[in-house]
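Chemist: Pasted the sequence and its predicted model underneath.
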Amino acid sequence: MRKVNAEKFAEKRSDILQAAGRCFTRSGFHGASISEICAEAGISPGHLYHYFDSKEAIITGLVEDRLQNATNRYKLLINVDDIVPSLMGELERYLREEQSSGFTLKKMMLGDILGEANRNPTIATMFAAFCRKRCQYAAELLRKGQASGQIDPSLDPEATAELLIGTADSAQTWSIRNPDFDFDKNFAVLKTMLVRLLAPPRADSPLG
């Protein structure tokens, strides 16, 4: 039996995911065929099935890659001292990257994937697990900020995490809703809103 080179396997798998992402962005989840993905990746259907056995498996691979990236960023954030400024910096980095990326996976994630999740239990389960993990990371960051006095202790970490994630996902669609939007202006307002939400009550506040 021929031994699989793990590094080359992972590299080819990544190439296929990138090609599939471009196809899904152009044609949508249902519109993009396996043959289109294979043509984009420069491989035969038989070769593709060595890596993924279906379009669902490709979608899962794309989401898993996103989750791994979120995990890596979380590991950096959880060790910082200034939670709120670091969180706002990470949000700005993430949104700028999404807005400028030629590989606009956000369109597929927020459109076709959500629509498919309503019809396909496998996609729904996978996407829900992805969202839960992201919110778990955000909630842990919020709890750390609350413990250090940087974040309002009255906020429910899990509910606030859901709000932050939902706000970030919505902000990804700025350029879709308004192609002429001003990122800097929009983000300044978003940042002000979130910083005010997270800030502990002042000592002289009726809520303090």
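Modeler: Received it, and whenever you're ready, just let me know what you need.

Chemist: in the protein, which spans are helices?
Modeler: Here the chain has its helices, by DSSP state H, at 6-31, 34-41, 45-48, 55-77, 83-100, 105-107, 114-119, 121-147, 157-171, 174-177, 183-198.

Chemist: Out of those, name the one with the poorest average pLDDT.
Modeler: Mean pLDDT is lowest for helix 105-107 among the helices of the chain, at a mean of 55.

Chemist: how much space between the spatially most central residue of the chain and residue 94?
Modeler: In the chain, the residue lying closest to the centroid (Cα atoms, centre = their mean) is residue 66, at 5.7 Å. Counting by Cβ to Cβ, to the nearest Å, the separation of residue 66 from residue 94 is 11 Å. (Glycine included, C-beta is placed from N, CA and C.)

Chemist: I'd like to know how far residue 118 sits from residue 128.
Modeler: Between residue 118 and residue 128 the distance is 12 Å, computed by Cβ to Cβ.

Chemist: These two: who's more crowded?
Modeler: Neighbours per residue (other Cβ atoms under 10 Å) separate residue 118 from residue 128, with residue 128 holding more: 11 against 8.

Chemist: residues in contact with the more buried one?
Modeler: Listed by Cβ atoms under 8 Å, 6 or more residues apart in numbering, the contact partners of residue 128 are residue 117.

Chemist: State the distance from it to residue 60.
Modeler: 13 Å.
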